[in-house]
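>>> how would this look folded up:
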Amino acid sequence: MILVLVETDADGVALLSAEALTFARGVAASGDRDVQALVVGAHPASALEGLAAHGVSRVHHADDERLSAYSAAAWAAAAVDAAQATGATTLLAAASPRGNEVLAHVAARLDVSMAANVVTADADGAGLAVRRQVMGGAALEEVHLTGAAGAPALVTMAGHAVDPASADAASSPSVSTFAPVLTDADLVARVVRSEPVVNESGGLTTSRVVVGAGRGVGGADQFGDLLELTGLLGGALGVSRVVTSLGWRPHHEQVGQTGSRVSPDLYLACGISGAIQHWAGCSSAKTIIAINTDAEAPMVTKAHYAVIGDLHEVVPAVNAEIRKRRG
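The predicted structure is shown next:
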């Protein structure tokens, strides 16, 4: 049985968790396995509708008022309890900040390995044969996971490795509520306050289109055309580390090894040289287009397509053409 750790938001099942459920169904089909879901803490009623749409057979709800605020160790305790109680052979989560953190705690508790940022997985006997991104996505590694002493194989799925899709037929999952065994140590580190980030261009890690901006933009007051393009494409703005270091844009927009890792359908890199640290954050995009005056810049040589020119001439022309075609 595959147990999927599901994150929820105000709309129900979070996008990356919807992808993880879709991924899990594919793995289940290759090994005739059941897919069940684990939800920790409070969740909206719409989450159950989403889980039914994804065909899960059963929902395990870890219900404890101490779980109302996120705590990686406490969530891991709940995940271990659920996996052991159900006899899950695989524990799967999205490779989101929470998914990676929780499963890392689970791996430490069970003293087993964890495969992060997996892009494909197939049942292989009692285990899993997986392929995962390593070296910032510059290479793929093949790993065989078997679990140990009854422990499940631990996997996080790379963002956008699959497109989220409902099951062929919705299910009517049963819901079982349990109270995980928590200690004071599990709750030492926990979220005590959350403040929403105001991002004028949308959600960076979930957007299908990301417009990237680097030093070539030229200054904090030079982002107007890029923000317009972002809006026209319905995407999000991402920036290089040097842009945040110079104070031109906030850190939460940074893409790279020390920022967010994105996997959009399109990454449009404008004025970005393409240092390996930035490449680690965007290399899994399905299509990369670079706009740069330097034809030898690493981003240009690695991109699927490139426009050699000044972004302040190219981007306004692109914006004008999009507006023209839309009437």
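>>> ok, residue 65 - how many residues close by?
Number of residues near residue 65 (other Cβ atoms under 10 Å) recorded here: 8. (Each C-beta comes from the backbone N, C-alpha and C, glycine too.)
>>> what do you get for residue 159?
Taking other Cβ under 10 Å as the neighbour definition, residue 159 ends up with a count of 23.
>>> residue 173 is in contact with residue 59, isn't it?
Yes - using Cβ atoms under 8 Å, residue 173 is in contact with residue 59, at 5.0 Å.
>>> find residues that contact each of the two.
With contacts taken as Cβ atoms under 8 Å, 6 or more residues apart in numbering, residue 173 and residue 59 have 36, 37, 48, 51 as neighbours in common.
>>> which helix or strand contains the last one?
Spelled out, it's residue 51. Assigned by DSSP states H and E, residue 51 falls within helix 46-53.
>>> what sits up against that helix?
Helix 46-53 is touched from outside by 6, 8, 11-13, 18, 21, 37, 39, 59, 166-167, 170-173, 175, with contacts defined as Cβ under 8 Å, 6+ apart.
>>> and residue 268, what are its bridge partners?
On DSSP bridges, the residues paired with residue 268 through beta bridges are residue 211, residue 289.
>>> show me the contacts for it.
209, 210, 211, 212, 229, 233, 289, 291.
>>> any idea how far the first one is from residue 217?
This means residue 209. Applying Cβ to Cβ, to the nearest Å, one obtains 18 Å for the distance of residue 209 from residue 217.
>>> and these two? Which one has more around it.
Remark: of residue 209 and residue 217, residue 217 carries more neighbours, 24 against 19, as counted by other Cβ under 10 Å.
>>> pass me the low-pLDDT residue ranges in this protein, would you?
32, 126, 136-138, 147-149, 196-202 (pLDDT under 70).
>>> count of residues packed around residue 282?
Under the neighbour criterion other Cβ under 10 Å, residue 282 is assigned a count of 29.
>>> ok, the closest residue to it other than its chain neighbours - contacts?
Nearest non-adjacent residue to residue 282, counting by Cβ to Cβ, 6 or more residues apart in numbering: residue 267, 4.9 Å away. For residue 267, the set of contacting residues under the criterion of Cβ under 8 Å, 6+ apart consists of 210, 212, 238, 282, 285, 287, 288, 289.
>>> can you count the residues close to the third one?
By the measure other Cβ under 10 Å, the count of residues near residue 238 is 32.
>>> and what about it, helix, strand or coil?
Following DSSP: H, G, I helix; E, B strand; the rest coil, we place residue 238 in the strand state.
>>> residue 121 versus that one, what's the distance?
Taking Cβ to Cβ as the measure, residue 238 falls 28 Å from residue 121.
>>> please apply the same query to the fourth one.
To residue 121, residue 282 is 23 Å away according to Cβ to Cβ.
>>> and what of the second one?
Summarising the geometry, the distance separating residue 212 from residue 121, computed by Cβ to Cβ, is 29 Å.
>>> who's more crowded, the two?
More neighbours surround residue 212 than the other of residue 212 and residue 121, with 32 against 27 (other Cβ under 10 Å).
>>> right, and that one touches residue 238 too?
Yes - taking contact to mean Cβ under 8 Å, the distance of 4.9 Å between residue 212 and residue 238 places them in contact.
>>> what sits in contact with each of the two?
255, 267, 282.
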